[in-house]
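A.B. asks: Next come a sequence and a model predicted from it.
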There are 2 protein chains.
Amino acid sequence: MVDIAIIGGGPAAFSAAITARQRNKAVLVCKSFAAGGWLHKAERVDNYPGLIGVRGAEILDLFERQSAGMGARIQSGTVRQILKTEQGFMLLAQDEVVEAKAVIIATGAAQPKTLENEDALLGKGVSYCGTCDGMFYKGKRVAVLAYSVHALPETRFLASLAEEVVYITPNSELARGLDDKVTVLQETPVKIIGQNRVEGVATDQSEIPVSGVFIFRDAMAYHTLIPDVYTENRFIKVSRHMETNVDGLYAAGDCTGRPFQVAKAVGEGNVAAVSASDYLDG
Amino acid sequence: MVDIAIIGGGPAAFSAAITARQRNKAVLVCKSFAAGGWLHKAERVDNYPGLIGVRGAEILDLFERQSAGMGARIQSGTVRQILKTEQGFMLLAQDEVVEAKAVIIATGAAQPKTLENEDALLGKGVSYCGTCDGMFYKGKRVAVLAYSVHALPETRFLASLAEEVVYITPNSELARGLDDKVTVLQETPVKIIGQNRVEGVATDQSEIPVSGVFIFRDAMAYHTLIPDVYTENRFIKVSRHMETNVDGLYAAGDCTGRPFQVAKAVGEGNVAAVSASDYLDG
C-alpha cells in the first residue's frame, strides 16, 4: 500500500511526486506509455521559470530524475481502472494491482473517444485487462481491439485461454507476430454490439460475433478510468485545491483543462500533492 | 500605456511576466520593496521542479533575470492604489502613474492590518501618496505614519508644503534625517480620528489633531489597493483562470491563498498571464 499513487508521467505528475516526497509520503508514479504527450515533441519551451530554452524531452527527463532522486518509485504501464475501496483505492496497472491511500490523476489532455456502447457494456463483456478477465472466456471467442503495442502480449495470453481471438486493429504495425489461434483483421472498430452483454463487434467493414471484447489503448478516457469522477467540458472538474468530487482523489495538469502549459501543470501538481498530504495527515 | 502591469516581485509575478512576454505583450513589473517576502530568506527550496536545492534568493534572482531577458520592464516601488478607468487601469506607483490595459496582482500573502477608521476615511483625509495629495494640505498640519523607509522622501516633500508635519513611527530606525518643520513621535498609531473627515490620529500614548494623515507601508492590503476586489478569508478570490471579480484584473500566487509554494505561484502566474493575454486579444 503506497500513500499516494500518481497516474501520469508529465510535469504535473512529477511535480506532485516531488512535493509528496518532500512531505515524506510513500509515492508511486504510474507512468503510462503515452506519458509526456505533446511535451515530448516540443522543440523549445521558453516560459517555464528557471529553465531557459530547453527541449520538452529535457524537461521531462529532468523532472523524472528529480522525482526519483527524492525517492519516488516510478513504474511504466498504463493504469486502466481506479476502484474506490474502504482503505483507499485499487489501481489496475499494467501487470499488477496497486493499492494507495490517495490518488492523483495527471494523465494529460489526450483522451481517446470510446466506441459506441463501450461504456454501457464495460464489465458486461468489455474489458481493459486480459490478465484480469481472460479466465472468464476459456473456450470462447473473443475480440481484441488493438490501439497500443501492449495489445500484443495481452493477446498472446488470451490466445492461450480462448477458443479463438479475433484481433482487430486499424494499424498494420500492430498486427505482427501473433499465432495461428489469432485471426487478424485490419479494420477500424466502430461499435460494440449487444444489449446487456457483449454479442459482437462492428467495424467499418464487418460484424464479428464474440463473447468478450478486450480493448487496449495507451491512454484512458477519464470516465473509463473512474466512472464516478465529475467532468466538465471533457476535463476533470477540480476545486482550487485540486480536489475532485471523490474523497482522496485529486487531479492536476492538462487533464483539468486549459491552458496546456508546463508551469500550470507544475503548479497544479504541487497543490494536488499538498492537498493529498493534508488529507492523509488528517 | 502598457498591456499588462504586474504588481509584485516574487515567483508568481515573474512567471506571469515571462508568459506575457512570450505572448508578445508589453509588460511592466512593479516590484515592491517587500517583494519576494518569505522566499528571500528561504535557505533551500527542494520541491520546485527543475531546480534542485537552491536558495530562495537565487530563485528570485534567476526568475527576475529571465523576465528581463525576455523583455519585461521591471521597476521598483510599491503600488499604492489601482483605479479602474475606461481604457483599463491607472496604477499609483512609487513616483508615477502607470496606465495598463490589464493588471495582475501578485503581491504575496503579507498584508498589513489597516488602522481603525483608515478604510472609512480613505480619500477623506487619509492618503497613501504625498506627491499626489500634498497640495491639498498647504499651510495645514498633517501626520505621517511611517512603516517604511519610503516615508522619508515623502515627508520631506510634505514638509515643503504643510505648516507642520507630525511624523509618527513605532520604529526608531525610521526617524532620522528630518528637518525642523517635522515633529517626530516614536509612538504606535492606533486609530484615525474623525467622522466624515480626518480630525486627528490616536496613538498608544497621545491624540494628535491634524487635517490629513499620510500612511507609508511596504505592502498594501488588497482592499486598500483596489476596494472593489472580492476577497475570501483575507485572500483575493479568483476563478480557476485567475480572474478576479473585476474585468481585466487577475491575481496569482500567495495573495490568492494557500499553499504558499513556489510551484503553485509559478503555475498561477502562468495562468493569469494566459488569461490576461486572451482578454487583451479579445
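C.D. replies: Structure's in. What do you need?
A.B. asks: CA only for contacts and neighbour counts going forward, please
C.D. replies: Will do.
A.B. asks: Could I get the pLDDT score of whatever residue of the stretch 51-200 of chain A ends up closest to chain B?
C.D. replies: Relative to chain B, the nearest point of the stretch 51-200 of chain A is A:F63 (5.8 Å; CA to the nearest CA). Note on A:F63: pLDDT of 97.
A.B. asks: pretty sure it is touching B:G50, no?
C.D. replies: Yes. Counting by CA atoms under 8 Å, A:F63 does reach B:G50; the two are 6.1 Å apart.
A.B. asks: For chain A, what lies in contact range of chain B?
C.D. replies: A:14-15, A:18-19, A:22, A:46-52, A:59, A:62-63, A:66, A:240, A:259, A:261, A:263-268, A:270-271, A:274 (CA under 8 Å from any CA of the partner chain).
A.B. asks: which ones among those residues are found in helices?
C.D. replies: Residues of the residues of chain A next to chain B located in helices (DSSP state H): A:14-15, A:18-19, A:22, A:59, A:62-63, A:66, A:263-268, A:270-271, A:274.
A.B. asks: For stretch A:222-229, list every residue counted as buried.
C.D. replies: Within stretch A:222-229, the residues scored as buried using 16 or more other CA atoms under 10 Å in any protein chain shown are A:Y222, A:H223, A:T224, A:L225, A:I226, A:V229.
A.B. asks: export these to a markdown table and tack on pLDDT and distance to A:L145?
C.D. replies: Formatted as a markdown table, those follow (pLDDT from 0 to 100; distance: CA to CA, whole Å):
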| residue | pLDDT | distance to A:L145 |
| --- | --- | --- |
| A:Y222 | 84 | 19 |
| A:H223 | 80 | 19 |
| A:T224 | 82 | 16 |
| A:L225 | 88 | 17 |
| A:I226 | 90 | 21 |
| A:V229 | 93 | 25 |
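A.B. asks: which one of these is nearest B:V184?
C.D. replies: Closest approach between those and B:V184, by CA to CA: A:V229, at 63.2 Å.
A.B. asks: That closest one should be in a helix, yeah?
C.D. replies: No. Membership of A:V229 in a helix is not supported by DSSP: H, G, I helix; E, B strand; the rest coil, which gives coil.
A.B. asks: check contacts around it.
C.D. replies: A:Y222, A:H223, A:I236, A:K237, A:T244, A:N245, A:V246 (CA atoms under 8 Å, 6 or more residues apart in numbering or on different chains).
A.B. asks: For A:V103, what is the enclosing helix or strand?
C.D. replies: Assigned by DSSP states H and E, A:V103 belongs to strand A:97-105.
A.B. asks: Strand partners (parallel or antiparallel) of the strand or helix carrying A:D3?
C.D. replies: A:D3 is part of strand A:2-7 when elements are defined by DSSP H and E. Strand A:2-7 has these partner strands in its sheet, going by DSSP bridges: strand A:27-31 (parallel), strand A:97-105 (parallel).
A.B. asks: ok, A:I105 to A:K31 distance?
C.D. replies: Taking CA to CA, to the nearest Å as the measure, A:I105 falls 11 Å from A:K31.
A.B. asks: swap that for A:N196, please
C.D. replies: A:N196 is 34 Å from A:K31, by CA to CA.
A.B. asks: between these two, who's got more neighbours?
C.D. replies: Taking neighbours as other CA atoms under 10 Å in any protein chain shown, A:N196 and A:K31 compare with A:K31 leading, 24 against 10.
A.B. asks: wouldn't that one be in contact with A:G77 here?
C.D. replies: Yes. Contact criterion CA under 8 Å: A:K31 and A:G77 qualify, at 5.8 Å.
A.B. asks: From the residues of chain A next to chain B, list just the buried residues.
C.D. replies: By 16+ other CA under 10 Å, the residues of chain A next to chain B give A:14-15, A:18-19, A:46-51, A:59, A:62-63, A:66, A:259, A:261, A:263-268, A:270-271, A:274 as buried.
A.B. asks: looking only at pLDDT, what's the mean for stretch A:79-88?
C.D. replies: 91.
A.B. asks: First-to-last residue distance for that stretch?
C.D. replies: Its start and end residues considered, stretch A:79-88 measures 16 Å (CA to CA).
A.B. asks: those helices in the stretch 51-200 of chain A, which residues are they?
C.D. replies: Here the stretch 51-200 of chain A has its helices, by DSSP state H, counting those that start in this stretch, at A:56-69, A:130-133, A:151-159.
A.B. asks: and the residue of the stretch 101-250 of chain A nearest chain B?
C.D. replies: Distances between the stretch 101-250 of chain A and chain B by CA to the nearest CA are smallest at A:R240, namely 6.5 Å.
A.B. asks: Check that residue and give its pLDDT.
C.D. replies: At A:R240, pLDDT is 95.
A.B. asks: Surely it and B:K237 touch.
C.D. replies: No. Counting by CA under 8 Å, no contact exists between A:R240 and B:K237, whose distance comes to 10.5 Å.
A.B. asks: so who does the residue of the stretch 51-200 of chain A closest to chain B touch?
C.D. replies: A:P11, A:F14, A:S15, B:P49, B:G50.
A.B. asks: Distance to B:K84 and pLDDT for those - can I get that in JSON lines?
C.D. replies: Shown next, in JSON lines, are the contacts of A:F63 (distance: CA to CA, whole Å; pLDDT from 0 to 100):
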{"residue": "A:P11", "distance to B:K84": "37", "pLDDT": "97"}
{"residue": "A:F14", "distance to B:K84": "40", "pLDDT": "98"}
{"residue": "A:S15", "distance to B:K84": "37", "pLDDT": "98"}
{"residue": "B:P49", "distance to B:K84": "37", "pLDDT": "97"}
{"residue": "B:G50", "distance to B:K84": "38", "pLDDT": "96"}
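A.B. asks: which of these lies closest to B:V126?
C.D. replies: Using CA to CA, B:P49 comes nearest to B:V126 of the contacts of A:F63, at 44.7 Å.
A.B. asks: how close does the closest one get to B:V274?
C.D. replies: The gap separating B:P49 from B:V274 is 21 Å, by CA to CA.
A.B. asks: A:F214 reaches A:R141, doesn't it?
C.D. replies: No. Assessed by CA under 8 Å, A:F214 is found out of contact with A:R141, at 11.4 Å.
A.B. asks: out of these two, which sits in the more crowded spot?
C.D. replies: Between A:F214 and A:R141, counted using other CA under 10 Å, A:F214 has the larger neighbour count: 23 against 20.
A.B. asks: Double-check that the more buried one belongs to a helix.
C.D. replies: No. Counting by three-state DSSP, A:F214 is located in no helix; its state is strand.
A.B. asks: show me the contacts for A:V166.
C.D. replies: For A:V166, the contact set (CA under 8 Å, 6+ apart) comprises A:R141, A:V142, A:A143, A:V144, A:V182, A:T183, A:V184, A:L185.
A.B. asks: For these, which entry has the maximal number of neighbours?
C.D. replies: Tallying neighbours with other CA under 10 Å puts A:V142 at the head of those, with 30 neighbours.
A.B. asks: so that residue makes contact with A:V210?
C.D. replies: Yes. A:V142 lies in contact with A:V210 (CA under 8 Å); the separation is 5.0 Å.
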